[in-house]
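> Pasted the sequence and its predicted model underneath.
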Amino acid sequence: MPSTLGKNVGRFEDRADLDEPDVTVAATLGTVQEQQVEQFFPNAEHKIVEAPARDFQEVLAGRADAHITSNVEAATLVERYPEMMIVPVSAPRARTPIAMLLPQDDQIWIDYVNHWIRLKRARGFFDELAAKWHLRNE
């Protein structure tokens, strides 16, 4: 999900508007978003930053026009930084699952988490989240 500063509301009306030579798209080094910036925006300038710096900070500082991140983080960022906005997208481009690491030697915790996931799925929790964040449920 790309986001940018709110002042770019007329400039970036779809993700395709970011793939221009005069646009700089930021990503954090070593992330899936770094790969996506190169894949989705081959004509744009790429600004790859090394953690602990973050790509959205480049947008806030005016050193990048946009960055890409997850739907959840993009929504959180625009809530935290009112000067930011999400660039509208006509359709999801790269659905990336989110994972949680669990200690392999704690079977009780693994069973608990698996049970929680099954229970939430049965009660429609994930479908509600997908609807909230405008995700297709495939």
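Noted; the coordinates are in hand.
> Would you map the helices across the protein?
Along the chain, the segments classed as helices by DSSP state H run 32-40, 55-60, 71-80, 107-122, 125-132.
> Stretch 65-83: end-to-end distance?
Start-to-end span of stretch 65-83 (Cα to Cα, to the nearest Å) is 13 Å.
> just to revisit the earlier point, I'd like the helices of the chain as CSV, with mean neighbour count, mean pLDDT and distance to Pro88 appended.
For glycine as for every other residue, the C-beta is placed from the backbone atoms N, C-alpha and C. Compiled in CSV, the helices of the chain are given as follows (neighbours: other Cβ atoms under 10 Å; pLDDT from 0 to 100; distance: least, Cβ to Cβ, whole Å):
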stretch, mean neighbour count, mean pLDDT, distance to Pro88
helix 32-40, 17, 92, 15
helix 55-60, 22, 94, 16
helix 71-80, 15, 88, 12
helix 107-122, 11, 94, 29
helix 125-132, 13, 82, 17
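> quick one: which of these is nearest Val9?
Ranking the helices of the chain by proximity to Val9 (Cβ to Cβ) places helix 71-80 first, at 12.1 Å.
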